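Participant: give me coordinates for this.
(2 chains)
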Number of protein chains: 2
Amino acid sequence: MGSLGPYQRKHKITVVGSGNWGCAIAKIVAENAASNPAIFEEKVEMWVFEEKVEISKDSRHYDPSSPLCQGPQNLTDVINQKHENIKYLPGITLPSNLHANPSLVDAVKDSTILVFNLPHQFIIKTCEQIKGKILPYARGISCIKGVDVNEEGIHLFSETIGKILGIYCGALSGANIASEVALEKWSESSIAYDPPHMDSKAPSPNPLPSDYPPVDHAVLKSLFHRPYFHIRVVSDVAGVSLGGALKNVVALAAGWVDGMGWGDNAKAAIMRVGLLEMVKFGEKFFGATINTRTFTEESAGVADLITSCSGGRNFRCAKLSIERKQSIEKVEETELNGQKLQGTLTAVEVNNFLKKQGLEEEFPLLTAVYRVLEGSMSVGDIPSYIER
Amino acid sequence: MGSLGPYQRKHKITVVGSGNWGCAIAKIVAENAASNPAIFEEKVEMWVFEEKVEISKDSRHYDPSSPLCQGPQNLTDVINQKHENIKYLPGITLPSNLHANPSLVDAVKDSTILVFNLPHQFIIKTCEQIKGKILPYARGISCIKGVDVNEEGIHLFSETIGKILGIYCGALSGANIASEVALEKWSESSIAYDPPHMDSKAPSPNPLPSDYPPVDHAVLKSLFHRPYFHIRVVSDVAGVSLGGALKNVVALAAGWVDGMGWGDNAKAAIMRVGLLEMVKFGEKFFGATINTRTFTEESAGVADLITSCSGGRNFRCAKLSIERKQSIEKVEETELNGQKLQGTLTAVEVNNFLKKQGLEEEFPLLTAVYRVLEGSMSVGDIPSYIER
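Facilitator: The predicted model follows:
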């Protein structure tokens, strides 16, 4: 009997986070929970960091007689009554079986599958708050892009989550611009999930009671795959996570080159070299625990690189910095409301790590991006520097 | 002593063809011939299909007192005196050591390196005309993109040239839009060159007299590499050639998806699947004679795919066909002056070949493109068809 056979219990799902990507993923997960009643509980919880919002007079939800339209309201109340996150994903109707919950602890209680989707700087604090308050046999999926790099080494966010909570956590990443996914425009994504086997040396997660359907690749596909969101489930958590980090650094270089007006050939050349260095980085620092084909075959690899170098925010800001002859910090200020680009942070972190290893020269594009940011190299120097 | 050591004789270079890509490559080759006088003869020949052109009054070359401005003139005369191909590469100054020659036979005479750069439908006829009239130990480089596919099999244009002329011929392909290369915007390209070894079973080319520098990877790099045109020389002629053919088919699908307004995620997904099918096609039909890393690592692979899906003519016409709700033939008529897209031809040829092998289902994207062209599938069906 496969994992889709009849079981006495169903998986309860909680999405931790409710930004635009959090809501887009919560929408998918709630749609699938509703359409797979043999496996999932229909009601899906979404933890929302509570804040006050106001339904404006030109909103489709405005109704002067409704108490919800009398001044500032809780974001969770608006989501639960109007089925829309009017602040972070306006215009998109969320499924009615998705429940916005302002209590983090209550939202994750009794859930067997926890989907983490929040800015990476909040991961540790959020996990600390629910530590010991989740099912000991829960499983996690991290939708947080990238990796945590410092001089000492590279850590996957999924590992950080798993370690704090004492659970196994996989990763979802791919060529996914949240707004397009929310509009149900067709895209693909990768899920990496490979819990240690009972007989491996790594600590096994607490076994799931046998009255639940096992959390395997088929169940994860049932939870995340939609007609407009095609999922491939693989086992390479490191590859899927690393792709999501390094592509942002490459996207900066692609943006600069495009800003210089060097054309499509040059941009494609940058992306080619970037892909090569992603593969090499994986080989060098993750060895046999990574499958380098993840970079060239999966959505989280080459496709995410392509999307990010087409219209992602790292690409756009880098391009603007050349066109306006401004520093990238200046562009961040004016374009991102004070938010920081992921690519510039990652470029610095990766460079610290490579420098410590004495391996800057082996990754000329990653190194060149850092040096341009630092001011010791100009964009015009990139072609001759990476051509070796 | 390496190939750059002193030799008594120098290589004479001829470029066969003078369209926009032909002239862009001839410019590069002539620049390098001039700057490597130890290896190459300074004067580079370019065969030009003679036609009459007229220098217009608003041209920078117009001078009412010049005989060259009195009515229609030979294109070769204009090129040799004004150093510009005003018809096919207007605005670009060609090196003065590049000699336009209207006689094909005279242009190739005594040349040791022949660079073929003309539309593929003219290859056989052109080679037949110079058969037996070239140096028996000449070497060729084909800059003609793509491969010749029919029901029986797949033939490389470089092989066709080599076979007719009885010489060895390599291939150049990459992420190169001719106009950008001509403007000296930075780009990369791949050269594949791997003549049979003396001890292999394949017929060896006639040995080059030992008073010439051997035609090896270093010499080819000296001939084609420029500060703005970075060359990597590899041995995989089939991979380099196949990439240049199949990417055009993928670019049609990318154009349709973009025309549908499905966004960057969807376009990246098409390109990812396209790259996978290119690798699989190479593995399946070329086996050990191909290096599948060519597709994921070289300019002629992933980078050319990216460029072609960004702004190439196959992409643009496919996109327009959706936006205007016109057949692609209609768009060809209005946009291409009656020229045919390479992608549609290749899609049909590849499908005939796959059908004959009974392998359509194994290449769902290539097959879907054919079916959309044929009218038996709609663009909206592509995502579910390729997701298997």
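Participant: mind listing the helices in the stretch 1-150 of chain A by residue range?
Facilitator: A:20-35, A:75-82, A:104-108, A:123-130 (DSSP state H, counting those that start in this stretch).
Participant: now for A:K163: which residues touch it?
Facilitator: Residues near A:K163 by C-beta atoms under 8 Å, 6 or more residues apart in numbering or on different chains: none. Just so you know, the C-beta spots here come from the backbone N, C-alpha and C atoms, and that holds for glycine as well.
Participant: which of the helices or strands spans it?
Facilitator: Using DSSP states H and E, A:K163 falls within helix A:157-165.
Participant: what element comes up after that helix heading to the C-terminus?
Facilitator: Next along from helix A:157-165, by DSSP H and E: strand A:168-173.
Participant: helices and strands around that following strand, which ones?
Facilitator: strand A:139-142, helix A:157-165, strand A:187-192, helix A:237-259 (3 or more C-beta pairs under 8 Å, 6 or more residues apart in numbering or on different chains; DSSP states H and E).
Participant: nearest to B:E45, out of the ones you listed?
Facilitator: Nearest of the helices and strands packed on strand A:168-173 to B:E45, taken as C-beta to C-beta: helix A:237-259 at 34.9 Å.
Participant: quick check: mean pLDDT of the helix or strand that that closest one is followed by?
Facilitator: Using DSSP H and E, the next helix or strand after helix A:237-259 towards the C-terminus is helix A:263-286. Helix A:263-286 carries an average pLDDT of 96.
Participant: buried sites along helix A:263-286?
Facilitator: Neighbour counts over helix A:263-286 (16 or more other C-beta atoms under 10 Å in any protein chain shown) mark A:263-282, A:285-286 as buried.
Participant: following that helix, which helix or strand comes up?
Facilitator: Trace forward from helix A:263-286 with DSSP H and E and the next one is helix A:293-297.
Participant: what does that following helix contact?
Facilitator: With contact meaning C-beta under 8 Å, 6+ apart, helix A:293-297 is reached by A:190, A:192, A:234, A:236, A:239-240, A:243, A:275, A:278-279, A:282, A:300-302, B:272, B:275-276, B:279, B:296, B:302.
Participant: following that helix, which helix or strand shows up next?
Facilitator: Next element after helix A:293-297 (DSSP H and E): helix A:304-311.
Participant: export that next one to CSV, keeping only CA atoms.
Facilitator: Extracted C-alpha coordinates of helix A:304-311, given in CSV (Å, rounded to 0.1, in the frame of the first residue of the first chain):
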residue,chain,number,x,y,z
ASP,A,304,16.1,30.4,-10.8
LEU,A,305,19.3,31.8,-12.1
ILE,A,306,17.7,32.8,-15.3
THR,A,307,14.6,34.4,-13.6
SER,A,308,16.8,36.3,-11.2
CYS,A,309,18.9,37.7,-14.0
SER,A,310,15.8,38.7,-16.0
GLY,A,311,13.9,40.8,-13.6
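Participant: tell me the residues of the stretch 101-250 of chain A that contact chain B?
Facilitator: With C-beta under 8 Å from any C-beta of the partner chain as the criterion, the stretch 101-250 of chain A meets chain B at residues A:175-177, A:180-181, A:185-188, A:227-228, A:230.
Participant: so which of those wins on neighbours?
Facilitator: Sorting these by how many neighbours each has (other C-beta atoms under 10 Å in any protein chain shown) puts A:A175 first, at 33 neighbours.
Participant: separation between that one and A:R313?
Facilitator: 15 Å (C-beta to C-beta, to the nearest Å).
Participant: what residues are up against the residue of the stretch 101-250 of chain A found nearest chain B?
Facilitator: Ranked by C-beta to the nearest C-beta, the top residue of the stretch 101-250 of chain A for proximity to chain B is A:S187, at 3.4 Å. A:S187 makes contact with A:174-177, A:180-181, A:228-230, A:299, B:263, B:265-266, B:268-269, according to C-beta under 8 Å, 6+ apart.
Participant: let's have the residues of the stretch 101-250 of chain A next to chain B in JSON lines, adding pLDDT and secondary structure.
Facilitator: Listed next are those as JSON lines, based on pLDDT from 0 to 100; DSSP: H, G, I helix; E, B strand; the rest coil:
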{"residue": "A:A175", "pLDDT": "95", "secondary structure": "coil"}
{"residue": "A:N176", "pLDDT": "92", "secondary structure": "coil"}
{"residue": "A:I177", "pLDDT": "88", "secondary structure": "coil"}
{"residue": "A:E180", "pLDDT": "92", "secondary structure": "helix"}
{"residue": "A:V181", "pLDDT": "96", "secondary structure": "helix"}
{"residue": "A:K185", "pLDDT": "96", "secondary structure": "coil"}
{"residue": "A:W186", "pLDDT": "96", "secondary structure": "coil"}
{"residue": "A:S187", "pLDDT": "96", "secondary structure": "strand"}
{"residue": "A:E188", "pLDDT": "97", "secondary structure": "strand"}
{"residue": "A:P227", "pLDDT": "95", "secondary structure": "coil"}
{"residue": "A:Y228", "pLDDT": "96", "secondary structure": "coil"}
{"residue": "A:H230", "pLDDT": "97", "secondary structure": "strand"}
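Participant: that concludes my questions; thank you for your assistance.
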